[in-house]
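> Build the 3D model from these lines:
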Amino acid sequence: MLVAVADSVFPNLEPARAVLARIGARLELAEAPTPDAILRVARDADALLVTYATITAEMIAQMTRCRVISRFGIGVDNVDIPAATNGGIVVTKVPDYCIDEVSDHAMALLLALVRKIPASNAQVHAGRWEMRAVTPIHRVRGSVLGLVGFGRIPQLVAPKAKAFGMRVVAFDPFVPADVFARAGVDPVDFDELLKMSDYVSIHTPLLPETRALFNAEAFEQMKRSAYLINTARGPIVDEAALARALDAGQLAGAALDVMTQEPPVGSPLLGRRNVILTPHTSFYSEESLVDLQTKAAEEVVAVLSGRAPRHPVNPEVFQRTA
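Here you go, the predicted structure:
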């Protein structure tokens, strides 16, 4: 069996290769993350592994043998799910591989914003040793953190924030009340969260209803002293509206690990003292990359062996063909 790889950010693919060897499958990586290059290896493949490359309906229609598309990641917005479903292809994801890393990164961004660490560091390196240049700085204890989305990652953010003495609230209409209760987190609606939070951390998937969820109207509802953190998906934030809100003093700052365009060439958020930008690294650790490859490849092995995958996006396909 042949398993195609559309694109890779990994130093090597040995963890995935070792898992696929259990069923005697060989791995072939596309020369470039372009439709033509991907199809050269995927057209006759039994499965496709994909990281960031876009897998369109037109591409899926030409993948005549493919039974499973497994994403190296949590979100699947780069795969045309309806087209895969219509083609009888199971799409899977790995929602449980980097929850420690992303929750740590979100807290690190929050603390770096509040304590103004990047700005302070830049000033000292520039020869300016002056506390007044980075004041005011406010106490974290007693503040409110609002989590937009309350899945696996924000459920790990919550106890980390509470350890710093913060009150945690969250908006997620799909999470049962008992989950909030067990976490000691108060469920609130979106507008209420914006108005009461000192820090807002985004953890929702990118869906039609969450695209540009953080827009001019949302920023107008936030405290002028509030900070925005995004480790989810770039298009959830209207970056032009965020830049205007920062210019108008409608919020104090922002920290983004994800952006609508990556890299953010020409972004109005570049070069601001009150904006921290990291290059989509919140998921990363050496350990998480091994977990990711292993779990994504295990989904392929399951489907090609006739077993149900652990995390199907369109489980009806497997149920229909099993």
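> what kind of secondary structure is Val3 in?
Each residue gets one of three states, and Val3 gets strand by DSSP: H, G, I helix; E, B strand; the rest coil.
> so what's Val9 scoring on pLDDT?
What the model reports as pLDDT for Val9 is 89.
> For the nearest residue to it once chain neighbours are set aside, the count of nearby residues, please.
Leaving out its chain neighbours, the residue that sits closest to Val9 by Cβ to Cβ, 6 or more residues apart in numbering is Thr51, at 5.6 Å. Every residue, glycine included, has its C-beta placed from N, CA and C. Thr51 has 17 neighbours, counted by other Cβ atoms under 10 Å.
> didn't Thr51 look like it was pressed against Ala16?
No - using Cβ atoms under 8 Å, Thr51 is not in contact with Ala16; the gap is 11.2 Å.
> which residues of the stretch 51-200 of the chain fall in strands?
Taking DSSP state E, counting those that start in this stretch as the criterion, the stretch 51-200 of the chain carries its strands at 68-71, 90-92, 144-148, 167-171, 186-187, 199-202.
> Please export the alpha-carbon coordinates of the last one; CSV is fine.
To tie it back to what came earlier, the one meant is strand 199-202. Backbone C-alpha positions of strand 199-202 (Å, rounded to 0.1, in the frame of the first residue of the first chain) are rendered in CSV as follows:
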residue,chain,number,x,y,z
TYR,A,199,-7.5,38.9,29.0
VAL,A,200,-9.3,37.1,26.2
SER,A,201,-7.7,33.9,24.9
ILE,A,202,-9.1,32.3,21.7
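> Neighbouring strands of that strand in the sheet, and parallel or not?
strand 144-148 (parallel), strand 227-230 (parallel) (DSSP bridges).
> Pipe the ones you listed into CSV and attach mean neighbour count per row.
Formatted as CSV, those follow (neighbours: other Cβ atoms under 10 Å):
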stretch, mean neighbour count
strand 144-148, 26
strand 227-230, 26
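> closest to Leu109 out of the ones you listed?
Among those, strand 227-230 comes nearest to Leu109, with 5.0 Å by Cβ to Cβ.
> Pull out the buried positions in the helix or strand of the chain with the lowest mean pLDDT.
When each helix and strand of the chain is scored by mean pLDDT, DSSP states H and E, helix 315-321 comes last, with a mean of 77. For helix 315-321, burial by neighbour count (16 or more other Cβ atoms under 10 Å) applies to 317-318.
> try stretch 110-127
110, 112-114, 116, 118-120, 123.
> so of those, which ones are in helices?
110, 112-114, 118-120, 123 (DSSP state H).
> Out of those, flag the one nearest to Ala241.
Leu113 (18.8 Å).
> what bridges to the residue nearest to the closest one when sequence neighbours are not counted?
Leaving aside its sequence neighbours, Leu113 sits nearest to Tyr227 (Cβ to Cβ, 6+ apart; 4.8 Å). Beta-bridge partners of Tyr227, counted by DSSP bridges, are Tyr199, Gly253.
> Any chance of CSV for the strands of the stretch 51-200 of the chain, columns mean pLDDT and distance to Pro159?
Shown next, in CSV, are the strands of the stretch 51-200 of the chain (pLDDT from 0 to 100; distance: least, Cβ to Cβ, whole Å):
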stretch, mean pLDDT, distance to Pro159
strand 68-71, 98, 28
strand 90-92, 98, 29
strand 144-148, 98, 11
strand 167-171, 98, 9
strand 186-187, 98, 14
strand 199-202, 98, 14
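> can those go into TSV with extra columns for distance to Thr210?
Output for these, formatted as TSV (distance: least, Cβ to Cβ, whole Å):
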stretch	distance to Thr210
strand 68-71	18
strand 90-92	19
strand 144-148	9
strand 167-171	11
strand 186-187	18
strand 199-202	9
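> The ones you listed: which one's closest to Val5?
Across the strands of the stretch 51-200 of the chain, closest to Val5 is strand 68-71 (Cβ to Cβ), at 10.0 Å.
> Okay then, goodbye and thanks.
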